[in-house]
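>>> 3D, please:
(one chain, ligands or ions: 1)
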Amino acid sequence: MDLGIRGKRALVCAASKGLGRGCAEALAEAGVELVINARGAEALEATAQALRDAHGVPVTAVAADITTEAGRAKVLKAAGAVDILVTNAGGPPPGMWTDWDREDFIAALDANMLTPIALISAIVPGMMERGWGRVVNITSQSVKAPIPVLGLSNSARAGLTGYVAGTSRQVAEKGVTINNLLPGIHATDRADALDGGVAEREGISVAEARRRREATIPVRRYGTAAEFGAVCAFLCSVQAAFVVGQNVLHDGGAVNATL
Ligand code: NAP
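Presented below is the predicted three-dimensional model:
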C-alpha cells in the first residue's frame, strides 16, 4: 500500500535502536525525510547512515537527551517544521511500589508524560496551520493492563493517555491526528534487560526467563521492531486520517480483554 507520505518530514525520538528505530525504518521506507534522535551519538549516526543507505531519504541525526529542556530545544531547532512526530524515550526502571518517592515519580513523569506533551505543544501548532499532521506516541500495554513492577511507567503513561484523549479531539478538525501505539513485549535491548532482571531475581537463565514470558503471549513469541514500525507508519499515513485519539495495542494478544 502506498501510504501517501512520500516527501513528508518526520521527527522520530529515541530512534537509534529498538521500537523508535523500527518506526524510523518504516517511515523511511515510505519515502519520509527523517530527523532522528538518541543520546549516544555513535549508535545514532550509524542508524542514520543505515537508513540513508537502505532508503535513499535525507536523515538528520541529533544526539540529545529528549527528556531535558536543553535536549528538546536542540532537537526542535534541528527538526524545524515537521509533518510527523513520533515521541519515545527510555522507560522508567522496574521496582516495588514501596521503592519510589516523589523524586522518582517526577523523573518518570518528566520522561514519559511531560516530554511528549512538550513536543506536541511545540510541533502541533505548525501542523494545524499547515492543515496536516500525524503524532504517534510510543506508550505501553501497561496503559491497558498494569505491569506491577513497572509502577512508575503505569503512572506516567496513564497521564499521557488522558492528555491525548482530550487534546486529539481538539486538533482533529485541522487535519492533525494524535494516537498512542502500545507495545507489548518486543525483542529489543529493553526486553533483554527486563529478562535479565527476572533471571537474576528467580535464579534462572535469561533464555528461560524469555521462554516463560513468550509463553504468556498468544502468538508465543516477542514482537519485532519492524512489525511495530509498520503499524506506526500506517497511523502516519493519509489513509489513517479518521483514526483519532486511539490506543492501539501491538502485543500479540497478550492483554486478555474483549475491548
Ligand atoms: P531500547 O531498545 O532500549 O531503545 C531505546 C532507544 O531510545 C535507544 O535508541 C536509546 O538510545 C533511546 N533513548 C533512551 N532514552 C533516551 C533519551 N532520554 N533521549 C533520547 N533517546 C533516548 O528500548 P525499546 O524497547 O525500543 O523501548 C522504547 C520505549 O517503549 C520505552 O519507553 C519502553 O519502556 C517502551 N516499551 C517497550 C517494550 C518492549 O518490549 N520493548 C514494551 C513496552 C513498552 P540512547 O540510549 O543512546 O539514548
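>>> Can you show me the strands along the stretch 51-200 of the chain?
59-63, 84-87, 133-138, 176-183 (DSSP state E, counting those that start in this stretch).
>>> Make TSV out of the ones you listed and add mean pLDDT, mean neighbour count and distance to Leu114.
Where you see a C-beta, it was placed from the backbone N, CA and C, and this is true even at glycine. Compiled in TSV, those are given as follows (pLDDT from 0 to 100; neighbours: other Cβ atoms under 10 Å; distance: least, Cβ to Cβ, whole Å):
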stretch	mean pLDDT	mean neighbour count	distance to Leu114
strand 59-63	98	20	20
strand 84-87	99	28	11
strand 133-138	99	26	12
strand 176-183	98	24	16
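>>> What is the burial count for the residue of the stretch 51-200 of the chain found nearest the ligand?
Proximity to the ligand, evaluated over the stretch 51-200 of the chain using Cβ to the nearest ligand atom, is greatest for Gly91 at 2.2 Å. Using other Cβ atoms under 10 Å, Gly91 has 22 neighbouring residues.
>>> my read: it touches Arg190, true?
Yes: contact criterion Cβ atoms under 8 Å: Gly91 and Arg190 qualify, at 6.3 Å.
>>> ok, how many other residues are close to the residue lying closest to Gly31 once chain neighbours are set aside?
With sequence-adjacent residues excluded and distances taken as Cβ to Cβ, 6 or more residues apart in numbering, Gly31 is closest to Arg6, at 3.2 Å. The number of residues packed near Arg6 is 11, by other Cβ under 10 Å.
>>> Could you do the one 4 residues further on as well?
Using other Cβ under 10 Å as the criterion, Ala10 is surrounded by 27 other residues.
>>> For the helix or strand containing it, name the packing helices and strands.
Assigned by DSSP states H and E, Ala10 belongs to strand 9-12. Judged by 3 or more Cβ pairs under 8 Å, 6 or more residues apart in numbering; DSSP states H and E, strand 9-12 is in contact with helix 18-29, strand 33-38, helix 69-79, strand 84-87.
>>> Return the set of buried residues in the longest helix out of those in the chain.
Scanning the chain for the longest helix, with DSSP state H as the assignment, gives helix 151-171. Of all the residues in helix 151-171, those buried under the rule 16 or more other Cβ atoms under 10 Å are 151-158, 160-161, 163-164, 167-168, 171.
>>> Name the surrounding residues that touch that helix.
For helix 151-171, contacts defined as Cβ atoms under 8 Å, 6 or more residues apart in numbering pick out 91-93, 95-97, 100, 104-105, 107-109, 111-113, 116-117, 120, 124, 127-128, 133, 137, 139-140, 142-143, 146-147, 177-180, 244-245, 247.
>>> Narrow those to those that are buried.
Neighbour counting by 16+ other Cβ under 10 Å classes 91-93, 100, 107-109, 111-113, 116-117, 120, 124, 127-128, 133, 137, 139-140, 142-143, 177-180, 244-245, 247 among those as buried.
>>> As PDB, could you dump the C-alpha coordinates of the longest helix of the chain?
Written as PDB, here are the backbone C-alpha positions of helix 151-171 (Å, rounded to 0.1, in the frame of the first residue of the first chain):
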ATOM      1  CA  GLY A 151       4.500   1.200  38.600                       C
ATOM      2  CA  LEU A 152       6.400   4.400  37.500                       C
ATOM      3  CA  SER A 153       5.600   3.600  33.900                       C
ATOM      4  CA  ASN A 154       2.000   2.700  34.600                       C
ATOM      5  CA  SER A 155       1.500   6.000  36.300                       C
ATOM      6  CA  ALA A 156       3.300   8.300  33.800                       C
ATOM      7  CA  ARG A 157       1.900   6.700  30.700                       C
ATOM      8  CA  ALA A 158      -1.700   6.800  32.100                       C
ATOM      9  CA  GLY A 159      -1.200  10.600  32.500                       C
ATOM     10  CA  LEU A 160      -0.100  11.000  28.900                       C
ATOM     11  CA  THR A 161      -3.000   8.800  27.700                       C
ATOM     12  CA  GLY A 162      -5.500  11.100  29.500                       C
ATOM     13  CA  TYR A 163      -3.900  14.200  27.900                       C
ATOM     14  CA  VAL A 164      -4.000  12.700  24.400                       C
ATOM     15  CA  ALA A 165      -7.600  11.600  24.800                       C
ATOM     16  CA  GLY A 166      -8.800  15.200  25.100                       C
ATOM     17  CA  THR A 167      -6.200  17.000  23.100                       C
ATOM     18  CA  SER A 168      -6.500  14.800  20.000                       C
ATOM     19  CA  ARG A 169     -10.200  15.800  19.800                       C
ATOM     20  CA  GLN A 170      -9.300  19.500  19.900                       C
ATOM     21  CA  VAL A 171      -6.800  19.400  17.000                       C
END
